[in-house]
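Trainee: Compute the structure for the input listed below.
(one chain, ligands or ions: 1)
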Amino acid sequence: MPELIEDDLIHCKYSEKKGLPGTFRKGSGICRGCDRLLCDLRIAPKGEATSPRVRKANAKKFCERFRIRELYHITSWRNVGSIIKHGLLSPKLVELKDIAYDSIADQEIREMRGRKIVDSRVTLYVDDFVPLFFAMRTPMLYKIMCTERQQSEIVYICIDPMILGETGVRFSDGNVARHETRMFYKLEDLEKLDWDTIRSSSWNRFDFAKKNEARRVKSAEVLVPYKVDRHRIHRIVAHNKDIGNALKLAFPRLRIPIEVNPDFYF
Ligand SMILES: NC(=O)c1ccc[n+]([C@@H]2O[C@H](COP(=O)([O-])OP(=O)(O)OC[C@H]3O[C@@H](n4cnc5c(N)ncnc54)[C@H](O)[C@@H]3O)[C@@H](O)[C@H]2O)c1
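Mentor: Down below sits the predicted model:
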């Protein structure tokens with residue numbers, strides 16, 4: 001586990017064990033000596049007192065309390081092969097590793113998020129994290145459906161919610177791109193999220209301000225530092241049989257179930 005040793009220096013025991021330089025500069029984004037790129041992201045947020053074991057037990061308790069059964073990442077079905085191979089990577093890591101991908105992101109929002117700092121101690125930006133939603137059928141999917149893309153191109157990568165217990169994972173009470181959104185890392189703070197709105201099937205409200213707020217809240221996120229390992233993927237959900245069968249044909253030996261479920265879509 002890398003640790004902050006001075007204001008701007010990070011020590012990485014992983015590199016040291018491999019006989020490589022164990023210290024690198026904060027904010028460089030990459031530990032040069034470490035083959036796990038961006039390992040500094042695994043640093044616990046300031047004030048995170050609990051041990052990984054306690055956090056894991058807490059994650060189980062809070063996922064049960066708030067009925068969090070899965071977390072969701074939506075992506076183009078064209079990215080599935082590479083996600084199975086490399087794991088689900090943060091936007092920055094996808095670019096650093098020079099992995100080709102089919103983007104479904106709104107470029108303007110993406111740039112705005114890329115500039116937003118999550119942890120100033122190690123200069124972590126939103127782009128350093130894999131974004132997951134608590135909810136299905138989010139405003140992001142709705143927007144995709146209203147643009148030139150078809151929602152049938154989108155698949156859900158469903159993630160084990162116990163990932164909330166991993167070091168460095170944060171979550172928000174709404175869309176991270178919005179300035180009023182708060183970020184949390186203590187699992188107790190899951191209580192501060194508006195679960196009725198997150199779970200409700202619609203964010204439509206008569207009053208415009210209320211609708212805008214419900215849209216923000218419905219997009220509450222979990223941010224996982226740099227990578228979601230493949231073993232955390234519960235299942236992949238596709239829009240229709242054509243996409244589902246094409247994926248099954250392309251990956252016949254895949255142990256991760258591929259399902260078709262129109263309820264995940266508008
Ligand atoms: N996609 C989501 O489920 C989700 C959840 C919460 C918030 N957001 C926010 O919405 C905006 C768009 O997000 P985005 O996820 O489209 O990000 P993006 O297009 O900015 O960058 C990453 C893209 O690479 C894909 N990818 C990840 N690992 C890959 C791999 N190994 N091989 C190939 N492709 C891989 C991702 O699925 C994603 O499409 C962002 O601002 C994001 O933070 C997205």
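Trainee: which residues touch F171?
Mentor: F134, L164, M183, F184, Y185, D189, L190, L193, A220, E221, V222, L223 (C-beta atoms under 8 Å, 6 or more residues apart in numbering). Glycine gets a C-beta too; all of them are placed from N, C-alpha and C.
Trainee: What is the nearest of these to Y156?
Mentor: Taking C-beta to C-beta as the measure, Y156 sits nearest to F134 out of those, at 12.8 Å.
Trainee: And C158, which helix or strand is it part of?
Mentor: Element membership for C158 (DSSP states H and E) is strand 154-159.
Trainee: List the pairing partners of the helix or strand that that strand is followed by within its sheet, with orientation.
Mentor: Later in the chain than strand 154-159, the nearest helix or strand by DSSP H and E is strand 170-172. According to DSSP bridges, strand 170-172 forms sheet pairs with strand 183-184 (antiparallel), strand 221-225 (antiparallel).
Trainee: Any part of strand 170-172 near the ligand?
Mentor: No: contact of strand 170-172 with the ligand (C-beta under 6 Å from any ligand atom) is absent, the minimum separation being 9.2 Å.
Trainee: Off-centre distance for that strand?
Mentor: Relative to its parent chain, strand 170-172 has a centroid offset of 9 Å by C-alpha atoms, centre = their mean, to the nearest Å.
Trainee: And for stretch 238-251?
Mentor: 23 Å.
Trainee: what sits against E148?
Mentor: Neighbour list for E148: empty [criterion: C-beta under 8 Å, 6+ apart].
Trainee: that older thread, among the contacts of F171, which are within reach of the ligand?
Mentor: Filtering the contacts of F171 for proximity to the ligand by C-beta under 6 Å from any ligand atom leaves E221.
Trainee: can you list the contacts of F171 in CSV and add neighbour count, pLDDT and distance to Y125?
Mentor: Output for those, formatted as CSV (neighbours: other C-beta atoms under 10 Å; pLDDT from 0 to 100; distance: C-beta to C-beta, whole Å):
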residue, neighbour count, pLDDT, distance to Y125
F134, 23, 98, 21
L164, 26, 95, 21
M183, 18, 92, 12
F184, 16, 91, 18
Y185, 20, 87, 16
D189, 15, 94, 21
L190, 21, 96, 24
L193, 19, 98, 23
A220, 23, 98, 19
E221, 25, 97, 14
V222, 23, 97, 16
L223, 21, 95, 10
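Trainee: Can you tell me which residues in the protein are near the ligand?
Mentor: The chain comes close to the ligand at residues 73-75, 79, 82-83, 86, 88-89, 91, 94, 99, 101, 103-105, 109-110, 113, 131-133, 140, 221, as judged by C-beta under 6 Å from any ligand atom.
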